[in-house]
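# Structure for the following, please:
(chains A and B)
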Amino acid sequence: MIPVIVIVLGIVMLGAAFAAIYFKSLLASIISAGVISLFASVLYLILGSPDVAMTEATIGSGLTTVVFLFALYRVRKGNLDD
Amino acid sequence: MIKYLAVIVSVVGLGMIFLPIVTGFHEAEQLSPLAAQYVEGSINDLETQNVVTSVIVTYRGLDTLGEVTVLFLATVGVGLLLKDGVKNRLTMPFSEMLETTSSVLVAMIMVLGIYIFTHGHLTPGGGFQGGVVIASGFLLLLLTSSETKINHLTLHLVESLSGAAYVGIGVAGIVLTIGFLSPEVLPLGEFGRLLSAGAIPVIYSLIGLKVGSELTSILVTMGGE
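A predicted model of the protein is given here:
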């Protein structure tokens, strides 16, 4: 059961990584980069390292995404939609 | 055409480099001697339940001090580059429901963050994770309420005092001739209690406060227009 879950998580992460490259909108790219970290944290939890999973979930998918969004907002001067 | 060929060749080459790792993989039957030493020492000598924490704070304490320094320098850099113009804040359109719910949630998030870094030596988690949870609580406060004013002086005070206290505990180990950043400057206590493992919970709480205030100041600086 666990190998199946790990493979599915890996495929989803690969898909999100390619999506982050090929999305036209930078906002969507930032969100899918956050999705990679979210699934990576689930993967770490399954592999038995809750400490790393916690770090990945909070820093990788939470804070980094927000900092990127703020940076995008500052660069675009408030035009967050595209 | 040549571009695609070069890409395929480099991918296949990388695959060949990593092939021995895949084919020669076998599950480890027992811990390596170094890992066994850490696990034994963490439980028997340091009275620490969470082995990961004892490695991060004690056995690799100097690396953690370096990590905290890197984060501090990053915060200083962001503050220096984006110094001017923190006037208008990026906020969501307010609704009463959003504001009320977030004010309840923020208190819970803060308590969770404090729990994570004070129990770093007992349960998974620690200073870095707890600090980020606290910073995300402040982020929720910043985004949902226009009246939130975060005092920069308080943030800097908390950040620099906890950083100085962290180094101070390390130097106390030298003065008492135990070793830099040794947790044995405080009594080790009983295995599994909140007040155990010597200075480890104190150091991790200081790291939590430092990381939380640093990341909050980054968010305040970057969220300003």
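# Could you use CA atoms for every contact and neighbour count after this?
OK.
# Which residues of chain A lie near chain B?
Chain A comes close to chain B at residues A:50-51, A:54-55, A:58-59, A:62-63, A:67, A:70-71, A:74, as judged by Cα under 8 Å from any Cα of the partner chain.
# Flag the shaky bits of chain B, pLDDT-wise.
Applying pLDDT under 70 to chain B picks out residues B:84-93, B:146, B:224-225.
# One more: chain A?
A:77-82.
# Just want the residue of it that's nearest chain B.
At 5.0 Å from chain B, A:D51 is the closest residue in chain A, using Cα to the nearest Cα.
# my read: that residue touches B:H121, true?
No: at 11.3 Å, A:D51 does not count as touching B:H121 under the criterion of Cα atoms under 8 Å.
# neighbour count winner among the two?
Each of A:D51 and B:H121 has its neighbours counted (other Cα atoms under 10 Å in any protein chain shown); B:H121 has more, 28 against 20.
# Could I get the contacting residues of the residue lying closest to that one once chain neighbours are set aside?
Distances taken as Cα to Cα, 6 or more residues apart in numbering or on different chains put B:N50 closest to B:H121, at 5.2 Å, once the chain neighbours are dropped. Contacts for B:N50 (Cα atoms under 8 Å, 6 or more residues apart in numbering or on different chains) come out as B:120-124.
# sorry, back to before: out of the residues of chain A next to chain B, which are inside helices?
Counting by DSSP state H, these place A:50-51, A:54-55, A:67, A:70-71, A:74 in helices.
# Secondary structure class of B:L188, three-state.
coil (DSSP: H, G, I helix; E, B strand; the rest coil).
# so it makes contact with B:S42?
No: with contact defined as Cα under 8 Å, B:L188 does not reach B:S42; the gap is 11.5 Å.
# And these two? Which one has more around it.
The neighbour count for B:L188 versus B:S42, taken as other Cα under 10 Å, is higher for B:S42 (22 against 18).
# Moving C-terminal from the host helix or strand of that one, which element do we reach first?
Applying DSSP states H and E as the criterion places B:S42 in helix B:33-44. The first helix or strand that comes after helix B:33-44 along the chain, using DSSP H and E, is helix B:51-54.
# Just the CA atoms of that following helix, as CSV, please.
Taking C-alpha atoms only, helix B:51-54 is exported to CSV below (Å, rounded to 0.1, in the frame of the first residue of the first chain):
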residue,chain,number,x,y,z
VAL,B,51,16.6,12.3,18.9
VAL,B,52,16.3,14.7,16.0
THR,B,53,16.2,17.7,18.3
SER,B,54,19.3,16.5,20.3
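# ok now that helix, how far from the chain's centre?
Here helix B:51-54 is found 14 Å from its chain centre; the criterion is Cα atoms, centre = their mean, to the nearest Å.
# quick check, nearest of the residues of chain A next to chain B to B:V22?
For those, the residue nearest B:V22 by Cα to Cα is A:P50; the value is 24.8 Å.
# Touching, the closest one and A:Y44? I think so.
Yes: using Cα under 8 Å, A:P50 is in contact with A:Y44, at 6.8 Å.
# so which strand or helix has the nearest residue to B:P187 once chain neighbours are set aside?
Leaving aside its chain neighbours, B:P187 sits nearest to B:G198 (5.2 Å; criterion: Cα to Cα, 6+ apart). Taking DSSP H and E as the definition, one finds B:G198 inside no helix or strand.
# Not counting its neighbours along the chain, what's nearest the residue most central in space within chain B?
For chain B, B:F128 is the residue whose C-alpha lies nearest the centre (Cα atoms, centre = their mean; 1.2 Å). Take B:F128 and drop its neighbours on the chain: the residue closest to it by Cα to Cα, 6+ apart is B:G208, 5.7 Å away.
# so that neighbour sits right up against B:G120, yeah?
No: using Cα under 8 Å, B:G208 is not in contact with B:G120, being 9.9 Å away.
# following the host helix or strand of B:V104, which helix or strand shows up next?
In this structure, B:V104 sits in helix B:96-118 according to DSSP H and E. Sequence-wise, the next helix or strand downstream of helix B:96-118 (DSSP H and E) is helix B:127-144.
# returning to what we had before: any idea which of the contacts of B:N50 has the most stuff around it?
Neighbour count (other Cα under 10 Å) singles out B:G120 as the most crowded of the contacts of B:N50, with 30 neighbours.
# if I pick that residue, what's in contact with it?
Counting by Cα under 8 Å, 6+ apart, B:G120 has contacts B:50, B:53, B:126-127, B:201, B:204.
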